[in-house]
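K.L.:
Sequence and computational prediction follow.
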Amino acid sequence: MQIRLDDLTDPRIIDLLGEHLRDMARHSPPESIHALDLDGLRRPELSFWTVWDGEDLLGCGALKQLDAGHGEIKSMRTANAHRRRGVAAVMLRHIVDEAAARSYRRLSLETGSMAAFEPARKLYASFGFAFCGPFADYVDDPNSVFMTRLL
């Protein structure tokens, strides 16, 4: 698997992000969806990466700088056709390593509280993330789970 810094222009990436947003809409009410669209991911405080196996797009993930010492994981997604291959773990390791290289002291994330998000919560916990309260501009929401870890 190869990780590439991405400019979000490849149609395959646009399709994967569409899949991600549709999946979020299936499992979360509209007011609880915090996934970013293309414009949101193209903001200067975000770095976006994709995971490839040759010409096959396997997944993606992003790191948002909240402040000089705090980053947020955004848009973690494994393509449906490539689930259960370790793609998310490879991307998560990359994001954690990048946050550490940037000297962030903390890395946080928001994910869903519903059963469909249980695999994601387990993955994050396996990387040392623990449950926390809302951070940045988030508010308490029964459909959201917040997790964080020190670096």
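P.N.:
Everything's here; your move. Numbering: from 1, shown residues only.
K.L.:
Which secondary structure element of the chain has the lowest mean pLDDT?
P.N.:
For the chain, counting by mean pLDDT, DSSP states H and E, helix 11-27 ranks last in confidence among helices and strands (a mean of 83).
K.L.:
helices or strands up against it?
P.N.:
helix 38-41, strand 56-67, strand 70-78 (3 or more Cβ pairs under 8 Å, 6 or more residues apart in numbering; DSSP states H and E). For every residue, glycine as well, the C-beta is placed using N, CA and C.
K.L.:
how many other residues sit next to residue 137?
P.N.:
7 (other Cβ atoms under 10 Å).
K.L.:
Look at it and give its secondary structure.
P.N.:
coil (DSSP: H, G, I helix; E, B strand; the rest coil).
K.L.:
What confidence value was assigned to it?
P.N.:
Note on residue 137: pLDDT of 91.
K.L.:
now do residue 37
P.N.:
80.
K.L.:
and it, what does it touch?
P.N.:
If you count contacts by Cβ atoms under 8 Å, 6 or more residues apart in numbering, residue 37 has them with 17, 21.
K.L.:
How much space separates it from residue 7?
P.N.:
As judged by Cβ to Cβ, to the nearest Å, residue 37 and residue 7 stand 15 Å apart.
K.L.:
Could you tell me which ranges of this protein sit under the pLDDT cut-off?
P.N.:
Along the chain, the model assigns pLDDT under 70 to residues 24-25, 29-30.
K.L.:
How about residue 131, nearest residue that isn't a chain neighbour?
P.N.:
residue 147 (5.8 Å; Cβ to Cβ, 6 or more residues apart in numbering).
K.L.:
Could you give the number of residues near the one you found?
P.N.:
Count around residue 147 with other Cβ under 10 Å applied: 21.
K.L.:
what's the helix or strand for it?
P.N.:
strand 144-150 (DSSP states H and E).
K.L.:
which outside residues touch that strand?
P.N.:
Residues outside strand 144-150 that contact it (Cβ under 8 Å, 6+ apart): 32, 34, 105-113, 117, 121, 124-125, 127-135, 138.
K.L.:
what angle do that strand and strand 70-78 make?
P.N.:
120 degrees (axes from the mean of the first three to the mean of the last three Cα atoms, to 10 degrees).
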